[in-house]
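Undergrad: Sequence and predicted model, in that order:
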Number of protein chains: 2
Amino acid sequence: MSTESLNPISYVVLGIVSLRGPSTSYEMKKLAEMSINFFWTFPHAQLYREPKRLVRLGMLEEQQQEGGRRRRVFSITDRGRKALSEWLSAPGPFDVQIHDLALLKLFFGRLVSTDDLVALAREQIEGHRRQKESYEALLERFEAVAELSHQLAPLRIGVAYEEAYIQFWEAVAERPSDPTGRRKRPTGR
Amino acid sequence: MSTESLNPISYVVLGIVSLRGPSTSYEMKKLAEMSINFFWTFPHAQLYREPKRLVRLGMLEEQQQEGGRRRRVFSITDRGRKALSEWLSAPGPFDVQIHDLALLKLFFGRLVSTDDLVALAREQIEGHRRQKESYEALLERFEAVAELSHQLAPLRIGVAYEEAYIQFWEAVAERPSDPTGRRKRPTGR
DNA sequence: TCCTCATAGTCTCATTGATACGGTTGCGGA
DNA sequence: TCCGCAACCGTATCAATGAGACTATGAGGA
């Protein structure tokens, strides 16, 4: 009756509050934008809707600040902590979902001109490069802080797959008509 | 008035019909499951809802089969072809969205036991390995077919990032308490 | 004739996505 | 002291979506 209705956003909220301590939605949002959103996207309004729900479910407590903006500060309850840690320990179904419009376009590549494909590839190279750089910047900035070790870990894989993406799109840019890339040297295992 | 209301699913449908020729929703579904869904997920019901809309918009035409199940077969119109090719050629915003619950759990790794992290990592390794193998199987099966070159391309990057993921989770499994992996030998460029 | 399995398609409803909008606060300038 | 403006911060809205249970159809076997 309590556990069943928790979804990923619930755990995002519980997790953030658990890591940071009592937090406002806006604080959660700022944290999410520079970390969680890289591998788990959602509209920021969720961080205003969900905490209210969690209060109803007894997972969070809310205190309204006295002066100023009368912000709502949420803190986690024992019940919330329990739900979070159960979820964290439970085996989840394996499922990584990706939404990449550029790959969709490439998939339909037979229907477009070579030039368009090259342009697409260049855009993607640019984008992935920027993305990679932003991950690296964050890593550099925080790698000294030992407690952040787990928070930073996703950035590592981020860098790795941005690199894979860049290589991939470079190959497409080079041989747009046969992007499957039957390369001279095999990819190698 | 016509173009504005098209969304990614619209292009999935238009693209499939354009590639395959006249198709039923079920045929689209089968194709999507073994290709498009790897990098663009959506519930299969979309492939029944969306074609109807596209008919209303004049992008598809529908013929009902005479006998048997009276399936609806959709074919693309000139207008649909035009909309599709415009979209394919237009520069899109750069945005790749990922939803990976396992990374979310890892992000909150400070809150869980080392054992749990190792278990998580092992699950992920398993899953990504299977995923990688299924991509490779498809590649092998179809790589001889030249016209499929573009359709197969996304599988290439698929294999590459599954490999990156596997390596990543292996590192986590080895040093769960410091998954940022300040390795002996740097990842190397 | 009936059963069963794979195929094929529909339905529904709470939840979400996307984003525009509305207040608040603090700061610089006059 | 007051104004105006730009960042902050939070809310509201509503069609679209997600998820998956449910229904229907047909072919082949017993």
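TA: Arrived safely, thanks for sending.

Undergrad: Around DNA strand D, pick out the residues from chain A.
TA: A:24, A:25, A:26, A:44, A:45, A:48, A:69, A:71, A:72 (Cβ under 7 Å from any atom of the strand). Quick note: C-beta positions are derived from backbone N, CA and C, even for glycine.

Undergrad: surely the fourth one meets residue A:31?
TA: No: with contact defined as Cβ atoms under 8 Å, residue A:44 and residue A:31 do not form a contacting pair (11.4 Å).

Undergrad: Tell me which of the two has more neighbours.
TA: Taking neighbours as other Cβ atoms under 10 Å in any protein chain shown, residue A:44 and residue A:31 compare with residue A:31 leading, 18 against 14.

Undergrad: Give me the residues contacting the helix or strand containing the more buried one.
TA: Taking DSSP states H and E as the definition, residue A:31 sits inside helix A:25-33. Residues from elsewhere that reach helix A:25-33, judged by Cβ atoms under 8 Å, 6 or more residues apart in numbering or on different chains: A:12-13, A:16-17, A:20, A:42, A:44, A:47-48, A:51, A:71-72, A:74.

Undergrad: try 7 Å
TA: Contacts to helix A:25-33, defined as Cβ atoms under 7 Å, 6 or more residues apart in numbering or on different chains, come from residues A:13, A:16, A:20, A:44, A:47, A:48, A:51.

Undergrad: For the most centrally placed residue in chain A, what are phi and psi?
TA: Averaging the C-alpha coordinates of chain A gives a centre point, and the residue nearest to it by Cα atoms, centre = their mean is residue A:39 (2.0 Å). Backbone torsions for residue A:39, taken as degrees, to the nearest 10, come to phi -130, psi 0.

Undergrad: in which helix or strand would I find the closest residue in space to it that isn't next to it in sequence?
TA: Closest residue to residue A:39 apart from its sequence neighbours, by Cβ to Cβ, 6 or more residues apart in numbering or on different chains: residue B:103 at 4.3 Å. Secondary-structure element containing residue B:103, defined by DSSP H and E: helix B:101-107.

Undergrad: so what does the next helix-or-strand element following that helix touch, helix or strand wise?
TA: Helices and strands here follow DSSP H and E; after helix B:101-107, the next one along the chain is helix B:114-142. Of the remaining helices and strands, those touching helix B:114-142 by 3 or more Cβ pairs under 7 Å, 6 or more residues apart in numbering or on different chains; DSSP states H and E are helix B:101-107, helix B:149-174.

Undergrad: what's the distance between the closest residue to residue A:154 other than its chain neighbours and DNA strand C?
TA: Spatial nearest neighbour of residue A:154, chain neighbours left out: residue B:103 (4.6 Å); criterion: Cβ to Cβ, 6+ apart. In this structure, residue B:103 lies at 16 Å from DNA strand C, with Cβ to the nearest atom of the strand, to the nearest Å as the measure.

Undergrad: how deep is residue B:103 tucked in, by neighbour count?
TA: 23.

Undergrad: picking up where we left off before, and the helix holding residue B:103, what's its mean pLDDT?
TA: Averaging pLDDT along helix B:101-107 yields 96.

Undergrad: Ok, stretch A:128-147 next?
TA: Along stretch A:128-147, the predicted confidence averages to a pLDDT of 93.

Undergrad: quick one: buried residues of that stretch?
TA: Counting neighbours by 16 or more other Cβ atoms under 10 Å in any protein chain shown, one finds that the buried residues in stretch A:128-147 are A:128, A:131, A:132, A:134, A:135, A:138, A:139, A:142.

Undergrad: what's the answer for stretch A:31-50, then?
TA: Applying a neighbour-count criterion of 16+ other Cβ under 10 Å, the buried positions in stretch A:31-50 are A:31, A:32, A:35, A:36, A:37, A:38, A:39, A:40, A:42, A:46, A:47, A:50.
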